[in-house]
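> Below: sequence and its predicted model.
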Amino acid sequence: VMVKVTSDVTFTITGGSLSISQPATAALTGGDSGLLGQSVSGALGETTVTDQRNGITAWSTKIHGTNFTNGTTSIAVTSVKAFVPATPLMAVTGTVVPTQGLAVDALTGVALAVAPNGPTLVTTAGVLGNNTVTFTPHISIPIPADATAGTYSGTVTQTVS
């Protein structure tokens with residue numbers, strides 16, 4: 001005689017968070033007087049997006065900022081271009097296809113906007129489960145002919161959704 005016993009088994013996989021990190025500071029160099037009317041460019045440092053939502057929803061990053069000022073002269077954030085160079089390639093873990101679109105240099109970069117608005121910098125497709133993408137955004141700041149000497153500062157913020 002065979003006796004049969006069965007159990008229904010269920011479990012839940014919960015999704016985690018979507019987060020972004022970037023260095024707290026970045027220093028651009030090369031702002032000597034010979035650059036008036038030209039621009040200063042540089043890396044903001046590595047940005048990492050971590051997607052632990054266990055899903056299939058794509059995500060994108062946006063970038064915005066404040067005007068750059070030295071207390072005397074102000075450079076409008078809307079004149080600043082942001083881009084992610086084509087090389088080095090973005091570091092990826094998990095199943096995701098990131099792209100920076102056409103924003104690969106200072107000429108094709110996207111113009112920053114005043115917070116909280118901002119253009120899309122990196123987008124994704126093909127998301128399946130958890131993933132991480134690391135990239136290094138750059139900015140190019142035009143130096144107006146009437147700029148005064150001094151140290152300029154402003155804030156650049158990236159968001160992910």
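Perfect, thanks for sending it.
> Quick one: end-to-end length of stretch 96-110, please.
23 Å (CA to CA, to the nearest Å).
> For that stretch, buried residues please.
By 16 or more other CB atoms under 10 Å, the buried positions in stretch 96-110 come out as Val96, Pro98, Gln100, Ala103, Ala106, Gly109, Val110. To be clear about C-beta, it is placed using only N, CA and C from the backbone, and glycine gets the same treatment.
> Please tell me how far the fourth one sits from Thr123.
Here the distance between Ala103 and Thr123 works out to 11 Å (CB to CB, to the nearest Å).
> where along the protein do the strands fall?
18-21, 39-43, 47-51, 60-65, 68-69, 74-75, 81-83, 91-99, 110-111, 120-135, 138-142, 156-160 (DSSP state E).
> The second one to strand 138-142, inter-axis angle?
Taking axes from the mean of the first three to the mean of the last three CA atoms, to 10 degrees, one finds strand 39-43 and strand 138-142 inclined to each other by 170 degrees.
> among the helices and strands of the protein, which one scores worst on average pLDDT?
strand 39-43 (a mean of 89; mean pLDDT, DSSP states H and E).
> which other helices and strands contact it?
strand 138-142 (3 or more CB pairs under 8 Å, 6 or more residues apart in numbering; DSSP states H and E).
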